[in-house]
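*Asks:* just the structure for this:
(chains A and B)
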Amino acid sequence: MALDVVITQKQLHGVDTQTRTILLDLAFRLKKGEICACLGPSGCGKTTLLRIIAGLDRAFEGHVALPSHHKIGMVFQEPRLLPWRSVAQNLRLVSTANEAEFAEIVTALGLSHHLDHFPGELSLGLARRVAIARAFLIRPDFLLLDEPFVSLDAPLAARLREELLGLVLKRQATTLMVTHDIEEAIAIADRILLLSAAPGHLIADLAIEAPRGKMTEANRQNLKGTILSILAGARPSA
Amino acid sequence: MRKIGHYFFVSSHGLTRLVPLISLLILWQLTSRLGVSSTLPTPTAVLSVMVGEARSGALFTNLAITFYRVAAAFTLAMVLGSLLGVAMGLSKKIDRFCDPLLIVLLNVPALVIIVLAYIWIGLNERAAIGAVALNKLPNTAVILREGARTLDKELDEMAFVFRLAFVQRLRHVLLPQLMPYVAAAMRSGLSLVWKIVLVVELLGRSNGVGFEIGVAFQLFDVTRLFAYAFPFVLIMLAVETFLMQPFERHISRWRRPHGA
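*Replies:* Okay, here's the model as predicted:
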């Protein structure tokens, strides 16, 4: 068992002292090396879930169990690079990879020519790639991805997905990716968790049976249909 | 240093900086020649007193001792003021406790602090430097508190998840964010400190530029006053140009040249 998450309740306190429940009775376990996508509508607490697992948010009821020695590589929704350090410095700061691995990851994400740039000189797509490279360079046991491809154009997102998948498989990192893009989830995951609208709880836990890369277009459409119907069924009738 | 020298003397930017100073000098020479006032000496008269003082060595001794006091008080105020300011910016508790004291300190006239320091600590170097530092400290603290309040939470979270060691976090995440505030505090601080150092010297020291200006005042000797004031202004101008500005360029090197 790599990751055990039990969240009985998570509340957020707004500025107006209003309290709203964002996650309710959410529990799941991830096996080592599993690639899991967490899919749900905007505002259902997906980012909060990742923050809880990463240890950034401790004010919740429940528990999160991780192996005693673990390293987390996280790709936040925003790149969160240090603007005053070059791309290379940003990467080296966290990197525990050797030179060969460093070069391999940098090349895979197409960053070789951008190592001397400052983050402010990069496009959003490039900055995202740096953030992904950084997450891999700490040689993570867990990879937490918060909509890493949102607002990128489709061909670039597809290419980055491929690169990401290649790196994840190689590293054997247990991966949890949060997204609201059904096709993205299908393209990457072994398993898809469907969350309801806030307060988010688990409405379906789908394993993808077709082996990776062997999935046909029909499989994909089929799965997408299933997911859409589950989501439609879960929508509050009001 | 070569690069900096180039910047100052050769580039048009450096020349534009010198033009107003040179015009002022010419204007001064012309008006003093007209004999408008007996208390305005000519630049050449000032220069000859300056050379005389330099020959006897008194000029350099006094400049050096004043410079030492400025540097000591400035460093003390920057270090302690920054620590206090950052602590106040990060902790609401510390802020609530220290804020009234800071406001009091900001509003006590420099002269009161100086006189009290001399009376309580004695007419010595410690009192002089301490009094100057205490005058600058609240100002530094206020600026750095603002800096600490604007620290980026998102980068802090990144540092936490990626388990950056404290030293790394300090060096790569926190200090670069505080540097613009440090630079602002330094810029306003240096001029403030050297002005107050002169007052401190006038009131309770027997050497330094401030003391010499006090002597000049007693003799009504404006030439002597200028002979001491100008070289020190030049030194501070050099510090500003060769230390402060390169420092500021260095800390903002990552910003885009246009916008950002």
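
*Asks:* got the contact list for stretch A:45-56?
*Replies:* By Cβ atoms under 8 Å, 6 or more residues apart in numbering or on different chains, the surrounding residues in contact with stretch A:45-56 are A:3, A:5, A:7, A:10, A:12, A:22-23, A:26, A:38, A:40, A:57-58, A:60, A:64, A:66, A:72, A:74, A:77, A:142, A:144, A:146, A:176, A:178-180, A:195, A:198-200, B:157, B:160-161. For glycine as for every other residue, the C-beta is placed from the backbone atoms N, C-alpha and C.

*Asks:* can you flag the buried ones in these?
*Replies:* The neighbour count (16 or more other Cβ atoms under 10 Å in any protein chain shown) marks A:3, A:5, A:7, A:10, A:12, A:22-23, A:26, A:38, A:40, A:57, A:60, A:64, A:66, A:72, A:74, A:77, A:142, A:144, A:146, A:176, A:178-180, A:195, A:198-200, B:157, B:161 as buried among these.

*Asks:* who does the helix or strand residue B:113 falls within touch, helix- and strand-wise?
*Replies:* Mapping residue B:113 onto the secondary structure by DSSP states H and E places it in helix B:110-121. When contacts are defined as 3 or more Cβ pairs under 8 Å, 6 or more residues apart in numbering or on different chains; DSSP states H and E, helix B:110-121 sits against helix B:125-149, helix B:175-204.

*Asks:* looking at those helices, which is buried most?
*Replies:* Compared across the helices and strands packed on helix B:110-121, helix B:125-149 shows the largest average neighbour count, a mean of 22 (mean count of other Cβ atoms under 10 Å in any protein chain shown).

*Asks:* that one vs helix B:110-121, what angle?
*Replies:* 130 degrees (axes from the mean of the first three to the mean of the last three Cα atoms, to 10 degrees).

*Asks:* tell me the mean pLDDT for helix B:125-149?
*Replies:* Here helix B:125-149 scores 95 as its mean pLDDT.

*Asks:* tell me the helices and strands packed up against it.
*Replies:* Packing partners of helix B:125-149 (3+ Cβ pairs under 8 Å, 6+ apart): helix B:58-90, helix B:92-107, helix B:110-121, helix B:175-204.

*Asks:* please tell me how far residue B:91 sits from residue A:125.
*Replies:* Between residue B:91 and residue A:125 the distance is 39 Å, computed by Cβ to Cβ, to the nearest Å.

*Asks:* in terms of neighbours, single out the busier of those two.
*Replies:* Neighbours per residue, other Cβ atoms under 10 Å in any protein chain shown: of residue B:91 and residue A:125, the larger number sits with residue A:125, 17 against 13.

*Asks:* the helix or strand harbouring that one vs chain B: in contact?
*Replies:* Secondary structure assignment for residue A:125, by DSSP H and E: helix A:124-137. Yes - Helix A:124-137 lies within reach of chain B by Cβ under 8 Å from any Cβ of the partner chain, at residue A:134.

*Asks:* I'd like the next helix or strand past that helix.
*Replies:* Downstream of helix A:124-137, the first helix or strand assigned by DSSP H and E is strand A:142-146.

*Asks:* low pLDDT regions in chain A?
*Replies:* Counting by pLDDT under 70, chain A shows low-confidence ranges at A:1, A:210-211, A:213, A:234-238.

*Asks:* in it, which spans are strands?
*Replies:* In chain A, the strands defined using DSSP state E lie at A:3-13, A:19-30, A:35-39, A:61-65, A:72-75, A:142-146, A:174-179, A:191-195, A:202-207.

*Asks:* to chain B, which of these lies closest?
*Replies:* strand A:72-75 (4.7 Å; Cβ to the nearest Cβ).

*Asks:* so which bits of chain B are right by chain A?
*Replies:* Counting by Cβ under 8 Å from any Cβ, chain B sits next to chain A at B:154-155, B:157-158, B:160-164, B:168, B:172-173, B:176, B:251, B:254-256, B:260.

*Asks:* now, these that are in helices?
*Replies:* Under the assignment DSSP state H, these contribute B:154-155, B:157-158, B:160-161, B:168, B:176, B:251 to helices.

*Asks:* check those residues and tell me the two furthest apart.
*Replies:* Spatial extent of these (Cβ to Cβ) is set by the pair B:161 and B:251 at 26.2 Å.

*Asks:* wait, doesn't residue A:200 sit right on residue A:40?
*Replies:* Yes - counting by Cβ atoms under 8 Å, residue A:200 does reach residue A:40; the two are 6.0 Å apart.

*Asks:* coming back round to it: okay if I get the strands of chain A as CSV plus distance to chain B?
*Replies:* Below are these laid out as CSV (distance: least, Cβ to the nearest Cβ, whole Å):
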stretch, distance to chain B
strand A:3-13, 15
strand A:19-30, 18
strand A:35-39, 18
strand A:61-65, 14
strand A:72-75, 5
strand A:142-146, 8
strand A:174-179, 13
strand A:191-195, 21
strand A:202-207, 24
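
*Asks:* okay if I get those strands as JSON lines plus distance to residue A:103?
*Replies:* Shown next, in JSON lines, are the strands of chain A (distance: least, Cβ to Cβ, whole Å):
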{"stretch": "strand A:3-13", "distance to residue A:103": "30"}
{"stretch": "strand A:19-30", "distance to residue A:103": "30"}
{"stretch": "strand A:35-39", "distance to residue A:103": "25"}
{"stretch": "strand A:61-65", "distance to residue A:103": "34"}
{"stretch": "strand A:72-75", "distance to residue A:103": "18"}
{"stretch": "strand A:142-146", "distance to residue A:103": "20"}
{"stretch": "strand A:174-179", "distance to residue A:103": "23"}
{"stretch": "strand A:191-195", "distance to residue A:103": "32"}
{"stretch": "strand A:202-207", "distance to residue A:103": "36"}
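
*Asks:* all good on my end, thank you.
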